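Engineer: turn this into a model:
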Amino acid sequence: MKNLLEKNLMAHQTALNLQAYRQQLLASNIANSDTPNFKARDILFRDALNAALNRGQSLSLMQTHVRHLGVKTGFSPEDFVRYRMEWQSAVDGNTVDMDMERAAFAENTVHYEASITFINGLLRSMQTAIIGQ
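Structural biologist: Residues are numbered from 1 along each chain as shown. The predicted structure is shown next:
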């Protein structure tokens with residue numbers, strides 16, 4: 001039963017982790033909107049998700065301290081991060097378009113919340129199946 005639950009949740013967990021990573025990228029873009037020569041970045045979400053699911057692996061964990069145990073999965077979301085196409089030149093070299101960033105941030109938030117709602121529904125269904133009501 002545990003393996004079945006883990007298998008069903010793996011795709012959703014991977015998508016949720018990628019959405020959280022994208023939210024960090026978008027927040028960084030917004031925070032650096034006034035930084036000279038800052039280049040806006042985004043992740044190729046669909047490609048990253050497909051790569052993670054095709055390998056049957058979840059996202060790799062970040063090792064933030066030398067004494068942390070490292071987990072190597074062979075997949076890293078950084079491989080799918082790209083600079084955003086510049087739509088309008090800025091004098092200071094910054095490529096952040098606040099309207100685009102806000103829209104992408106809001107869209108990603110909706111997708112993130114939808115993923116959480118779907119996972120909660122799946123867990124409720126599993127709980128109902130276990131209890132038998």
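Engineer: only C-alpha atoms for contact and neighbour calcs from this point on.
Structural biologist: Will do.
Engineer: against Gln24, how distant is the most centrally placed residue in the chain?
Structural biologist: Centroid check for the chain by CA atoms, centre = their mean gives Leu18 as the closest residue, at 2.0 Å. Separation of Leu18 from Gln24 (CA to CA, to the nearest Å): 10 Å.
Engineer: if we go by neighbour counts, what in the helix or strand the residue nearest to the centre of the chain falls within is buried?
Structural biologist: When secondary structure is defined using DSSP states H and E, the element that contains Leu18 is helix 2-31. Using 16 or more other CA atoms under 10 Å as the test for burial, helix 2-31 gives 11-19, 21-23, 25-26, 29-30.
Engineer: stretch 118-133 too?
Structural biologist: Ile119.
Engineer: just stretch 104-121 next, same as before
Structural biologist: Using 16+ other CA under 10 Å as the test for burial, stretch 104-121 gives Ala104, Phe105, Asn108, Thr109, Tyr112, Ser115, Ile119.
Engineer: burial measure for Ala103, as a count.
Structural biologist: 12 (other CA atoms under 10 Å).
Engineer: looking at this, it is in a helix?
Structural biologist: Yes - checked against DSSP: H, G, I helix; E, B strand; the rest coil, Ala103 lies within a helix.
Engineer: and it, how far is that from Ser89?
Structural biologist: With CA to CA as the criterion, Ala103 and Ser89 are 19 Å apart.
Engineer: next one: Phe45
Structural biologist: For Phe45, the distance to Ser89 equals 25 Å [CA to CA].
Engineer: off-centre distance for the helix holding Leu18?
Structural biologist: Centre-to-centre, helix 2-31 and its host chain are 5 Å apart (CA atoms, centre = their mean, to the nearest Å).
Engineer: tell me what it is packed against?
Structural biologist: Packing partners of helix 2-31 (3 or more CA pairs under 8 Å, 6 or more residues apart in numbering; DSSP states H and E): strand 41-43, helix 45-54, helix 98-131.
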